[in-house]
Each structure stands twice: as structure tokens, then as C-alpha cells.
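**Student:** Please find the sequence and the predicted model below.
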Amino acid sequence: MNPTELANRAAVLAQDAMALAAQARVVAETHVAPAAAAAEPFVLLLTIFLMACFVGYYVVWNVTPALHSPLMGVTNAISSVIVVGAMLATGLSDSIAAKVFGFIAVTLASVNIFGGFAVTRRMLAMFKKKG
Amino acid sequence: MAHTLSTFAYLAASVLFILALRGLSHPETSRKGNTFGMVGMGIAVLATVLQPGMSFSGIALIIAGLLIGGGIGTYVAQKIEMTSLPQLVAAFHSLVGMAAVAVAAAAFYAPESFGILDAQGHIKAGSLVEMSLGLAIGAITFSGSVIAFLKLDGRMSGAPITFKGQHLLNAALGLLLLVLVVSFVASGNPLLFWLIALLSFGLGFLLIIPIGGADMPVVVSMLNSYSGWAAAGIGFTVGNLLLIVTGALVGASGAILSYIMCKGMNRSIINVLLGGFGSESGSASAGGGGGDRPPVKAGSPEDAAYMMKNAQKIIIVPGYGMAVAQAQQVLREMGDLLKKEGAEVSYAIHPVAGRMPGHMNVLLAEANVPYEEVHELEEINPEFADADVAFVIGANDVTNPAAKTDKSSPIYGMPILDVERAKTVFFIKRGMSSGYAGVDNELFFRPNTMMLFGDAKKVTQEIVQALQR
């Protein structure tokens, strides 16, 4: 699949998703809103968590076994998105302890983010078509 | 709402991360996918820094952390040898685990930054539960990954470390951890927070030491999964959707990889985790068969070169031994020469070959072997029947027919590569030592097998020289 085709398909997907979202919103406004207001935010987070597990499940089964090492590299890099939590602690708090722990976490996660993406890039560059 | 913009940015990043994984369904789309991942991460980081209320000193610290960590990460990623990839990944997992511990601690000492205080100014009980989960999983990921790193890097013996009452001890510690978490949630006592961290570090250490070197593909995948769950746990604590979504993606990915690896060995995840399987395969004495076996047929590289020159179809089966000997480059040279002679050359990869999922594929790709020539087990197994030569380099257990016939064998039921169906089988081995599973490979004693004793790289080099003559 060439990049343009991929981009086009992604665009179509995005449009579909937007249409779905619009529908969902209508449904949510008319039916779910009163219930959601009463529900715990935790339930909402849990719902999203479980949905994401399913998305991960289906997406990862489609990964070709030849690319399982790069898959670990990428998941390694993106799991370091934990850096967001570390940055919030560092930037929003006046507590020295929070700043110190936040800084440590930002540094460790950054090693992973940069290292993970870079090593994946290196691996994937090797999987070019040989002519 | 002030946070709307960052919420949308996080949503965009989540979608980009999913696309990054989606791209890996084919080598040609994978590079694009990796770029999506990087853009997603960039968006997430930017949106967070630009959030209202960030202090100047905080932003300075963040930038310092990004520069220091980013510098180290980039340097290591450029320098690392592809054979050492499993160690690197294990080391990276340990960092995610430690980062999770640090973020949990930060959230504990500055709960107001994450809005997790109740009306009385205490941290909400629910948040304490989530915090202790993120903390415990993060700490287990950290110490477990450190052990995995030491074992993979050869700084610690790959042999399983077992002792009496090990499982009982682990179970007791697990129970104690549960008690600590419950009392922490009830009291919010900082001492208990650190006790949970300490105990989890110990537990991660104890969980990984009994697992042998060749089970490392499962362990690395599993720790990959844990690092995801740790991120999700922290996401719940600080109420961040991006962390929850990403954590779930990574957790699911690692779990699937663990499952695939276990299936590749026909063992349950419980069986792997209980550990104690296999031993350090030392380089035992060369030559000669054991017991009442017929003697093995040993050949020279020249013999092998001569026979392969006249072969039509050759299937190469690389294993961990190839990686250890760094023989992938010279192996590709051999493949090229044989192709020039008119032979059809392909490569067969067992799911658990190497020390991490897909390790062999990366090494072959590094040596410029076209990925179209590299095949998975199900794909290539029917091909062995009409292959003239199966060339096994640094693999053993994954070719052992006992897995299909001998019910008493520890590897019974494991899917294997059917190399014995080829007309001639070459085995490059340093000696007659058994494989990781500690079982003899009856293939060595078959009349159509020829053993090539020596270092994988050296023997292949000699074959290449003989082919060039």
C-alpha cells in the first residue's frame, strides 16, 4: 500500500468516525445524558479503558509476525506517554517532592520515548524492499 | 472549559497511536506508522506543556528532563547492536516501570495538581486504589525488567534460579501486598505507600529469577504488557484519557505477544511463569553420540558447499545461535552465492526463535535479506518436503521431531519446523550439547543429516569461501 492510499483511507476512516460521533452525540444528548450525569467518572474511564483494550486486541492481531520486534519498540515508546502525568506533576505543583519525582519521571520516560521511536525507526528502515 | 484544547490533543494522540500500531501490519506501511506515533507523542507533550497553570520553573524542569532523557535515549538507540535488541527493550521496560512509580509518588505528594482530593482535603479512596495499582505494577515491571535485562545481557546466568517454597513465598508476598494496599487505601499513610513500592520491587525480582534464558521471549512480552497496565493505572489515578487508552493498547499488545510465544512452545503462561524449565546449555564436548546411538555423520564446510551448489531448493533455519555468533551477514552472502548458482533460497523462522518476538526477522533484515524470502512456520512447513537442503544454523529444539512423536518429551506438542523432510539436513553446531529444553535431537543421528561442527559464523564463512572457488 502506498502512502497516499494509506492517507486517503485514513481520511475516509476519519470521516466515518466523525459521522459516527455526530450520531453518538445525538443519542447521548437525548437518551444518555441524564444517566451519565449521575454515573461516576470512574465508570466512564473504565468504559474507555475496556474499549481501548478491544481496539488494541484487534489491531495487534493484524501485525505481521515479522514486525513483532518493531511492535515492541513502538509500544515501548508510546507507553512512555506516562510522561504526560509526570509533566503535569512537575509543572502544576509547588510541592518540592512532586517536582523532584516529576522531573525523574520526565527524564526516564524521555529516554524511552526518544530511544523507543529511534530504535524502531532503525529497525523498520531495514525492512525496505530490496531490489 | 480550559482543558478542552488539551483534551482534543490527547484524543488526536490516541488515534495516532492506534494508527502507529495499524501501520505495522505490513513493512511498507510501518514506517509511516512510526511517524504517526512520533507525531502523536509530540502533540501530547506540547499540549501538556501549553496547559494553563504550568509554572515557569516547572516548564524549565520539563525541558531539562526531555533534553537529558531524549539525548540518552537517542544515543543508545543509534549505538545498539541489533543482536542486543532484547536487552535494550528490557531496559526500556524497566524505565517505564520506574517512571510509573515516580509519577505515582508525585501524584501522592501533590494530589491537588490532579484534582483527586475530596471535600475534606484527603485523596479520594478510589484514586488511592488506582494509585497503588499503578505503583505496584510499575515497581514489578521495573525490578522484573532489570532481572530480564541482566539475564539477556549475560551479566547474570540464564539458568533458572529455583529454591524450595519459592511459589509459596511469592503467593504469601502477593497476599501481603494486597493487605498493604487495603490498609494504604484506608489510611493514606506515606509509609505504606513506600512499603508497597518496596514489596513490589521484591516481588518483580522474585517472579523473574526462576525463568530460564530461552523463555525470555515470553518474559519480555509479558513485561511489555505490564508496562502498559502500569501506564493505564497511572492514567486512572490522574484521570487522563490518553494514558488510559495507550496503556490499554500496550497492555493488550504485550498480552497477545506473550500468548503467541507460549503457543510457539506449546506451554501455558502459568507453566512459563512458574519457571524452572530448561537449563543453561553449555558447550559440551564435540563429536560422538551418546549411549547406544549410531555415530553422527560429521562433514566439512567443503562437503556442504558442494552439496548445496547442486541443490535446487534450500531452506535456511536460523536460531539464537546465529545471533550469538553474529553470522547473519555471512549467511546472507552464502544465500546470494547459492542464488547465483540457480538455487531457490528461503528462510524459515520459528515463532520463538531468538530472545524476543521477531528478533530473527530484524537480524535478517539488517543483513539485507529481502523480507519476501523470510517465512513463518505455517507458511514454510509444507515446503520442506520438496527441499533439497535444510540448513539449520544455531537452532535445535525447534527442529526436533520428538515434539511430534515422543509423548514423554518435555517439548512434546510444540510446533516445529519439519526440516527432517528435506533430502539433506545440515546442522551447524558447536558441539553435541542438547538444546535449551535439555533433550537430545534424534535428527542428528539420521542418515540424511550432516553435522557441521564449529562456530556458526566461521563455518558459514568457510562454506562461502568454498562456494567462491
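**Tutor:** Great, that's in hand. Numbers count the residues shown, from 1 in each chain, chains lettered A, B, ... in the order given.

**Student:** Please identify which helix or strand holds B:F427.
**Tutor:** strand B:424-429 (DSSP states H and E).

**Student:** Other residues contacting that strand?
**Tutor:** For strand B:424-429, contacts defined as CB atoms under 8 Å, 6 or more residues apart in numbering or on different chains pick out B:299, B:304, B:307, B:311, B:321, B:388-394, B:396, B:419, B:443-444, B:446, B:448-454, B:456, B:459-460. C-beta coordinates here come from the backbone N, C-alpha and C atoms, glycine included.

**Student:** Also stretch B:454-469?
**Tutor:** Under CB under 8 Å, 6+ apart, the answer for stretch B:454-469 is B:301-302, B:304-306, B:308-309, B:321-322, B:324-327, B:330-331, B:333-334, B:337-338, B:341, B:393-394, B:428, B:430, B:452-453.

**Student:** Which of these fall in strands?
**Tutor:** Among these, the ones falling in strands (DSSP state E) are B:393, B:428, B:452-453.

**Student:** quick one: which of those is nearest to chain A?
**Tutor:** B:I393 (18.5 Å; CB to the nearest CB).

**Student:** What score does the closest one have for pLDDT?
**Tutor:** If you check B:I393, the pLDDT there is 94.

**Student:** Next, the contact list for it, please.
**Tutor:** Counting by CB under 8 Å, 6+ apart, B:I393 makes contact with B:316-319, B:321-322, B:327, B:331, B:428, B:456, B:460.

**Student:** now B:V101
**Tutor:** B:135, B:138-139, B:142, B:197.

**Student:** ok so, going back, and the contacts of strand B:424-429, which of them are in helices?
**Tutor:** B:304, B:307, B:321, B:456, B:459-460 (DSSP state H).

**Student:** What is the most widely separated pair among these?
**Tutor:** B:M307 and B:G321 (21.1 Å; CB to CB).

**Student:** Looking at these two, which is more packed in?
**Tutor:** B:G321 (22 against 17; other CB atoms under 10 Å in any protein chain shown).

**Student:** Which helix runs longest in chain B?
**Tutor:** Chain B, longest helix under DSSP H: helix B:125-152.

**Student:** can you put the ones in strands among the contacts of stretch B:454-469 in a markdown table and add distance to B:T48?
**Tutor:** Listed next are the ones in strands among the contacts of stretch B:454-469 as a markdown table, based on distance: CB to CB, whole Å:
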| residue | distance to B:T48 |
| --- | --- |
| B:I393 | 48 |
| B:I428 | 52 |
| B:L452 | 57 |
| B:F453 | 58 |
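
**Student:** For chain B, see how far away A:N76 is.
**Tutor:** Distance of A:N76 to chain B, given as CB to the nearest CB, to the nearest Å: 5 Å.

**Student:** what mean pLDDT does the helix or strand where that residue lies have?
**Tutor:** Under the criterion of DSSP H and E, A:N76 resides in helix A:68-79. Taken as a whole, helix A:68-79 carries a mean pLDDT of 95.

**Student:** For it, C-alpha coordinates in CSV please.
**Tutor:** Extracted in CSV, the C-alpha atoms of helix A:68-79 (Å, rounded to 0.1, in the frame of the first residue of the first chain):
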residue,chain,number,x,y,z
HIS,A,68,6.9,-8.2,16.2
SER,A,69,10.2,-6.6,17.3
PRO,A,70,9.3,-3.2,16.0
LEU,A,71,5.9,-3.6,17.6
MET,A,72,7.7,-3.9,21.0
GLY,A,73,9.8,-0.9,20.1
VAL,A,74,6.7,1.2,19.3
THR,A,75,4.6,0.0,22.3
ASN,A,76,7.6,0.8,24.4
ALA,A,77,7.8,4.3,23.1
ILE,A,78,4.1,5.0,23.4
SER,A,79,3.7,3.5,26.9
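
**Student:** Pretty sure B:K297 sits against B:T449.
**Tutor:** Yes: counting by CB atoms under 8 Å, B:K297 sits close enough to B:T449 to count as a contact (6.6 Å).

**Student:** can you list the domain ranges for chain A.
**Tutor:** Domain segmentation of chain A under automatic domain parsing yields A:1-38, A:40-130.

**Student:** looking at those, which is buried most?
**Tutor:** domain A:40-130 (a mean of 23; mean count of other CB atoms under 10 Å in any protein chain shown).

**Student:** quick one on the thing from earlier: just the angle between the helix holding A:N76 and helix B:125-152, please?
**Tutor:** 140 degrees (axes from the mean of the first three to the mean of the last three CA atoms, to 10 degrees).

**Student:** Could I get the CA-only coordinates of the helix or strand following helix A:68-79 as PDB?
**Tutor:** Toward the C-terminus, helix A:68-79 is succeeded by helix A:83-92 as the next helix or strand (DSSP H and E). Backbone C-alpha positions of helix A:83-92 (Å, rounded to 0.1, in the frame of the first residue of the first chain) are rendered in PDB as follows:
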ATOM      1  CA  VAL A  83       5.400  11.500  30.600                       C
ATOM      2  CA  VAL A  84       2.200  13.500  30.500                       C
ATOM      3  CA  GLY A  85       1.400  12.600  34.100                       C
ATOM      4  CA  ALA A  86       5.000  13.400  35.000                       C
ATOM      5  CA  MET A  87       4.900  16.800  33.300                       C
ATOM      6  CA  LEU A  88       1.600  17.800  35.000                       C
ATOM      7  CA  ALA A  89       3.200  16.900  38.400                       C
ATOM      8  CA  THR A  90       6.300  18.900  37.600                       C
ATOM      9  CA  GLY A  91       4.500  21.900  36.200                       C
ATOM     10  CA  LEU A  92       1.300  22.300  38.200                       C
END
